[in-house]
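> Below is the structure, and that's it, no one-letter string:
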């Protein structure tokens, strides 16, 4: 096999055109076989095989910087830069699902949030200019979906201002992000895809006119001088050229020879150039090509021959939300939904099918989505903006200044909150409850099970004068966790015996960690430590009944699937201080560091967010209060 002989990009240089085509076929076969075993981003990588080969033949990575926006299409890049062990892809100790600096000098950006690559490219090109590195180049690959993000256009505006600073921008145009790309830019690119190239027209016109006596040559020069208007008529790439960017394309993104020719021309140019490549997401794998939803953008473990899942999961948090949104839509005509290019992943496809006039896909533009939601709310609708928790970070200013300041009734539904695991550092939703704590008036719910998700979503959309947030985990929703009582607005999940006058520990359980907190209580009980377990349901604002309840316990323990800094534990601590309740508090959550990719269970064990780890520490804390800490060790917790 040719693929096994590729140890680095320069090994591509000695391959013939026929061998390059063979290599592309081998890579596709490898990807289908490998990713079907582990899960991962399959469709995007099948679409960029030839493009990635061409990039590494034209540019000299790592001296030249080859950058990938989002990074979910970098599997081919990994294969060509010496990383062909995909056996533990996205698992602990294996390859990351995104570029990773720890893996290779060929990887530059690893944050995997969309629309950032052009800002990176602009900075790297400026660094080359400032430091006099004329033999260094920058090539940035960005999808048509990522081009819908505002950051991309902010960068283009700056890139275009330096007409003599070399930079190659490769637009990977497959008409999709997850699903089909939407909006004005998508329509413009569609026009470019379906229009004959200006250069072919001009070449043919030159040939004819130069054979025409007397008037031929002057007429050609006149036409050539007016080429801007002519280009807009024949191939309207004027949007890019109006910014001052040289445009090459559209190019067949599966023709290695054509791609190399275009990239070589762009590389030689002394200013910024856009190379527009047309690719097919999922190319070469029929189940992916036939998948209209997202062309196998991301898959779990599948049968490689059929593309069907190996196992069917139980109901997920996302599916529970999806079904409840359809019910709410039927009951209330003012309910509308917003997605940032992720209709299927966030569970809004059913709502879109049922109410196509009440769904708004804003593209990869969370900032615009949040402000548009404020406008919708002001106009009398109640928008539900469903987004991954990690992506709401990008719209913080809009949540604060557009939604909260104006007291707009907007509900943000945060999918993939807390530790998500396999997608790595940038996809763990570990900041939302900390960030949202500082937003005045905002109310934040963390449902513990499917029943509570349905109930709290309904409570959220009833709020008309403030933003509300409902956040939940990735994956399968757990069993129902019934309440045994109520204190204020909080659910009591476990109460001590009636004979206990002052329980030892008040466990404040946040969201999906309720089963873990009940397990902690069981472990503490085995050590003779009594406890109460409460679920606040709404963790912001802190329930007024919590302080008096805490005052009746010896220790307060908070457990949350969020960063400890500024999270629910911090808010509870502040509430107790404000109420004059002087009870020791221990907060358990995610340490404020970027977490390597691994399964959720492995990450939780690594950071000590498990029932035995927490019970052990709480046992020690109670022992210290009892005065047993120095005289005898705390009993071990199994």
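Nice, I can see it. Because the structure is predicted, anything quoted here is derived from the model rather than measured. Numbers count the residues shown, from 1 in each chain.

> for the stretch 501-638 of the chain, what spans make up the strands?
505-509, 531-535, 538-540, 555-563, 585-590 (DSSP state E, counting those that start in this stretch).

> I'd like the ones you listed laid out as JSON lines, including distance to residue 333.
The way it works is simple: take the backbone N, C-alpha and C, and place the C-beta from them, glycine included. Putting those into JSON lines (distance: least, Cβ to Cβ, whole Å) gives the following:
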{"stretch": "strand 505-509", "distance to residue 333": "36"}
{"stretch": "strand 531-535", "distance to residue 333": "33"}
{"stretch": "strand 538-540", "distance to residue 333": "26"}
{"stretch": "strand 555-563", "distance to residue 333": "35"}
{"stretch": "strand 585-590", "distance to residue 333": "40"}
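
> Which one, of the ones you listed, ends up nearest to residue 415?
strand 555-563 (13.3 Å; Cβ to Cβ).

> So which elements touch the closest one?
helix 432-437, strand 505-509, helix 514-526, helix 568-578, strand 585-590, helix 611-625 (3 or more Cβ pairs under 8 Å, 6 or more residues apart in numbering; DSSP states H and E).

> Swap in 7 Å and give it another go.
helix 432-437, strand 505-509, helix 568-578, strand 585-590, helix 611-625 (3 or more Cβ pairs under 7 Å, 6 or more residues apart in numbering; DSSP states H and E).

> so which of these is the most packed in?
Highest mean neighbour count among these (mean count of other Cβ atoms under 10 Å): strand 505-509, with a mean of 26.

> How far does that one sit from its chain's centre?
Relative to its chain's centre, strand 505-509 lies at 32 Å (Cα atoms, centre = their mean, to the nearest Å).

> quick one: that strand to strand 531-535, angle?
20 degrees (axes from the mean of the first three to the mean of the last three Cα atoms, to 10 degrees).

> what sits up against strand 505-509?
Contact with strand 505-509 is made by 493, 517, 520-521, 524, 529, 531-536, 549-550, 553, 555-559, 572, 618, 622, as judged by Cβ atoms under 7 Å, 6 or more residues apart in numbering.

> Now that strand: average pLDDT?
Mean pLDDT, strand 505-509: 98.

> Ok, stretch 520-536 next?
97.

> which residues are contacting it?
Under the criterion Cβ under 7 Å, 6+ apart, residues 448, 487, 490-496, 500, 503-509, 514, 517-518, 543, 546, 553, 611-612, 614-615, 618-619, 622, 635, 637 lie in contact with stretch 520-536.

> 6 Å instead, please
Stretch 520-536 is contacted from outside by 448, 490-496, 500, 503-509, 514, 517-518, 543, 611, 614-615, 619, 622, 635, 637, using Cβ atoms under 6 Å, 6 or more residues apart in numbering.

> what's the single longest helix in the chain?
Looking across the chain with DSSP state H, the single longest helix is helix 17-38.

> distance between the helix or strand just after that helix and the chain's centre?
The helix or strand immediately downstream of helix 17-38 is helix 43-46, counting by DSSP states H and E. Its chain's average C-alpha position is 17 Å from that of helix 43-46, according to Cα atoms, centre = their mean.

> Just the mean pLDDT for helix 43-46, thanks.
93.

> Do I have it right that residue 592 meets residue 566?
No: Residue 592 lies out of contact with residue 566 (Cβ atoms under 6 Å); the separation is 9.0 Å.

> and the two? which has more neighbours close in?
Neighbour totals were compared for residue 592 and residue 566, and residue 566 leads with 17 against 13 (other Cβ atoms under 10 Å).

> wait, what's in contact with the closest residue to that one other than its chain neighbours?
Excluding its sequence neighbours, the residue lying closest to residue 566 (Cβ to Cβ, 6 or more residues apart in numbering) is residue 434, at 3.7 Å. Residues near residue 434 by Cβ under 6 Å, 6+ apart: 563, 566-567.

> Can you give me the distance of residue 434 to residue 417?
Counting by Cβ to Cβ, to the nearest Å, the separation of residue 434 from residue 417 is 12 Å.

> before we move on, the earlier item: could you name the helices and strands sitting against the longest helix of the chain?
helix 49-58 (3 or more Cβ pairs under 6 Å, 6 or more residues apart in numbering; DSSP states H and E).

> For the helix it packs on, which helices and strands make contact with it?
When contacts are defined as 3+ Cβ pairs under 6 Å, 6+ apart, helix 49-58 sits against helix 17-38, helix 75-80, helix 256-268.

> which residues are contacting whatever helix or strand comes next after the second one?
It stands for helix 75-80. Where DSSP H and E defines the elements, the next helix or strand beyond helix 75-80 is helix 117-130. For helix 117-130, the external contacting residues (Cβ under 6 Å, 6+ apart) are 65, 67, 69, 109, 136, 138, 140, 142, 152, 155, 158-159, 165, 167.

> out of those, which one sits closest to residue 459?
residue 152 (37.0 Å).

> Look at the closest one and tell me its secondary structure.
At residue 152, secondary structure determined by DSSP: H, G, I helix; E, B strand; the rest coil is helix.

> end-to-end on stretch 508-517?
With Cα to Cα, to the nearest Å as the measure, stretch 508-517 spans 8 Å from end to end.

> swap in stretch 563-581?
Terminal residues of stretch 563-581 lie 24 Å apart, using Cα to Cα.

> what does it contact?
For stretch 563-581, contacts defined as Cβ under 6 Å, 6+ apart pick out 430-431, 433-434, 437, 510, 539, 542, 547, 550-551, 558, 560, 585, 587, 589-590, 592.

> Over to stretch 319-336?
Contact with stretch 319-336 is made by 347, 350-351, 354-355, 358, 381-383, 450, 453-454, 457, 477, as judged by Cβ under 6 Å, 6+ apart.

> Could you measure from residue 387 over to residue 429?
Noted for residue 387: a distance of 10 Å to residue 429, by Cβ to Cβ.

> Mind checking which of the two has more residues around it?
A side-by-side neighbour count of residue 387 and residue 429, using other Cβ under 10 Å, places residue 429 first with 27 against 24.

> mind listing what the more buried one touches?
Neighbours of residue 429 in contact, by Cβ under 6 Å, 6+ apart: 389-390, 416-418.

> neighbour-wise, which of these leads?
Of these, with other Cβ under 10 Å as the count, residue 418 tops at 31 neighbours.

> Leaving out sequence neighbours, find the closest residue to that one.
What sits nearest to residue 418 in space, not counting adjacent residues and going by Cβ to Cβ, 6+ apart, is residue 561, at 3.1 Å.

> burial measure for the one you found, as a count.
Neighbour number of residue 561 under other Cβ under 10 Å is 29.

> Now that we're looking at it, what pLDDT does it have?
For residue 561, the model assigns a pLDDT of 95.

> any idea how far residue 50 is from it?
Distance from residue 561 to residue 50, by Cβ to Cβ: 42 Å.

> from what I can see residue 54 touches residue 258, true?
No: the pair residue 54 / residue 258 is not scored as a contact, 8.6 Å apart, by Cβ under 6 Å.

> Next, count neighbours for residue 461.
Other residues close to residue 461 by other Cβ under 10 Å number 23.

> Now do the same for it: its pLDDT.
In this model, residue 461 is scored at 98, pLDDT.
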